[in-house]
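*Asks:* A predicted structure for the sequence below; I have some questions about it.
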Amino acid sequence: MRLDFVRVFVDSTSLLFKEFFGPEIEVSSISMKANPIPGREVLSIIGIAGEAQGRVIFDMDASTAIKLAEHMMGEPTNGLTPLVRSSIAELSSMAIGRAISTINDNGTRLRMSPPTVITGVNLLSYDQCFETLVAPITTAYGEVGVSITLQDLD
Amino acid sequence: MQAHVEGTGGGKASLTCLIVDDSAFMRFHLRRLMDAFDNVVFSEAANGNEAIREYGRVRPDIVLMDIVMPGLEGVETVKRICDADPSARVIMISSVSYKEKVEEALAAGARSFIPKPVTTEQLRKAIEQVLA
C-alpha cells in the first residue's frame, strides 16, 4: 500500500469538501479495515489504474448524500434522484481527479475510471487481495467514509 | 442519452454551446453558470461519440468538454472534432489537470483548460478568450 498516495487522496478530498461545504470539515484518523468493508446507503466507486491499481469508495448515508447534493445544486431535491446520484459521483470524481493530478505531476502515472454510484441498504464491499485504509471525513451534513485500496505494481 | 437543444432568454440566440460531460450534475451546473451570458442555446452530450455527432449537427460556437468519460474520452474527442473542423473552439473542463494531460488536451486542439470545480468567472474568461 502506498501510504503517500493515500495521504494525497484524503487531503485532496478534505480540501475539496472545504471548498464546497465550508471549513467545518474534520478528518478522523486513517485506519486499516478488514474485508468486507461495511458501507452505508450510497457508495461512489472509482477505479485506479496505471503504475498502481485499486479503487476508492466514498460511502455515506442517503440523508447525507441528499444534503451534500442539495448544497452543490443550490436547490432542494426530493430523495435520491438521478441528479443527486450524479452530484455525489461528480463530487468523488473531482476529489480523486485532483489527487490523480497531484500524483501524476510528481512522476507516477495513474489514471481513474468514471465513478459508479450504487445505492442500497447494508452494502458491503470486498477486496480480497488488498488492504483497505478508511478515512472518515465529517461534514456539516454527516460523515463520508473514504475507503482506499491501492496496490503498487512496482 | 439523447443530446438536445434548449435556449435561455427567449430572444435571438447570441451563443451556441455544446456541453459534453457524462455527469448530469455537471451539465446542470454548467448551464447554471452559463446563465451569466444572455441568449445561449445549449446542446448536450454525455460521451465522446455523442459529442462528435452533435457537433456536426449544431456546429456550436463553443464546446465545454470533460475528459474522463465512459467510451470515447475527452481528449480523443477533441482531436476528432478539431481534425474535422480546425476552427472548433473547445474549452476543456476537468478535475484531471496534471501538466501532461493539459498539454495533451491543448495539442489535440483545445483552446483553453479549466480545472474543476469551475467558477462563473473562470468560465467567462475562458469563453471570452476563445471567442476573441
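*Replies:* On my side now, so go ahead. Computed from a predicted model, the values in this text were never measured in an experiment.
*Asks:* list the buried residues of the helix or strand residue B:81 falls within.
*Replies:* In this assignment (DSSP states H and E), residue B:81 forms part of helix B:74-84. Buried residues in helix B:74-84, counted by 16 or more other C-beta atoms under 10 Å in any protein chain shown: B:74, B:75, B:77, B:78, B:79, B:80, B:81, B:82. Where you see a C-beta, it was placed from the backbone N, CA and C, and this is true even at glycine.
*Asks:* and the residue of chain B closest to chain A?
*Replies:* Closest to chain A within chain B is residue B:95: 2.7 Å, counting by C-beta to the nearest C-beta.
*Asks:* ok, that residue - how many residues close by?
*Replies:* Look at residue B:95: counted by other C-beta atoms under 10 Å in any protein chain shown, it has 24 neighbours.
*Asks:* checking residue 97 next. Helix, strand or coil?
*Replies:* Since no chain was named, I'll use chain A. Classification of residue A:97 by DSSP: H, G, I helix; E, B strand; the rest coil places it in helix.
*Asks:* my bad, the chain I had in mind was chain B
*Replies:* Following three-state DSSP, the label given to residue B:97 is coil.
*Asks:* do residue B:93 as well
*Replies:* Assignment for residue B:93 (three-state DSSP): strand.
*Asks:* quick revisit: show me what the helix holding residue B:81 is packed up against.
*Replies:* On a contact count with 3 or more C-beta pairs under 8 Å, 6 or more residues apart in numbering or on different chains; DSSP states H and E, helix B:74-84 meets helix B:48-58, strand B:62-65, strand B:90-94, helix B:99-108.
*Asks:* got the CA coordinates for the second one in CSV?
*Replies:* Think strand B:62-65. Extracted as CSV, the C-alpha positions of strand B:62-65 are listed here (Å, rounded to 0.1, in the frame of the first residue of the first chain):
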residue,chain,number,x,y,z
ILE,B,62,-18.1,26.8,-28.2
VAL,B,63,-17.7,23.4,-26.7
LEU,B,64,-17.3,22.7,-23.0
MET,B,65,-15.6,19.3,-22.8
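*Asks:* what helices and strands are in contact with that strand?
*Replies:* If you count contacts as 3+ C-beta pairs under 8 Å, 6+ apart, strand B:62-65 packs onto strand B:15-20, helix B:48-58, helix B:74-84, strand B:90-94, helix B:120-131.
*Asks:* who's in contact with the residue nearest the centre of chain B?
*Replies:* Central residue of chain B (C-alpha atoms, centre = their mean): residue B:64, 1.2 Å from the mean position. Taking C-beta atoms under 8 Å, 6 or more residues apart in numbering or on different chains, we find residue B:64 in contact with B:17, B:18, B:19, B:20, B:21, B:30, B:91, B:93, B:123.
*Asks:* which of the residues you listed sits closest to residue B:44?
*Replies:* residue B:19 (5.0 Å; C-beta to C-beta).
*Asks:* that closest one and residue B:40 touch, don't they?
*Replies:* No. Using C-beta atoms under 8 Å, residue B:19 makes no contact with residue B:40, being 10.2 Å away.
*Asks:* who has more neighbours out of the two?
*Replies:* Comparing residue B:19 with residue B:40 by other C-beta under 10 Å, the one with more neighbours is residue B:19, at 26 against 22.
*Asks:* roughly how far does the residue nearest to the centre of chain B sit from residue B:79?
*Replies:* Distance from residue B:64 to residue B:79, counting by C-beta to C-beta, to the nearest Å: 17 Å.
*Asks:* give me the pLDDT value at the residue of chain B closest to chain A.
*Replies:* Here, the pLDDT recorded for residue B:95 equals 95.
*Asks:* pLDDT of whichever strand or helix holds residue A:149, averaged?
*Replies:* Assigned by DSSP H and E, residue A:149 falls within strand A:142-152. The average pLDDT within strand A:142-152 is 91.
*Asks:* low-confidence stretches in chain A?
*Replies:* Applying pLDDT under 70 to chain A flags the ranges A:1, A:127-130, A:154.
*Asks:* show me the helices in it, by range?
*Replies:* Ranges of helices within chain A are A:3-21, A:62-73, A:82-105, based on DSSP state H.
*Asks:* right, I'll call it a day here.
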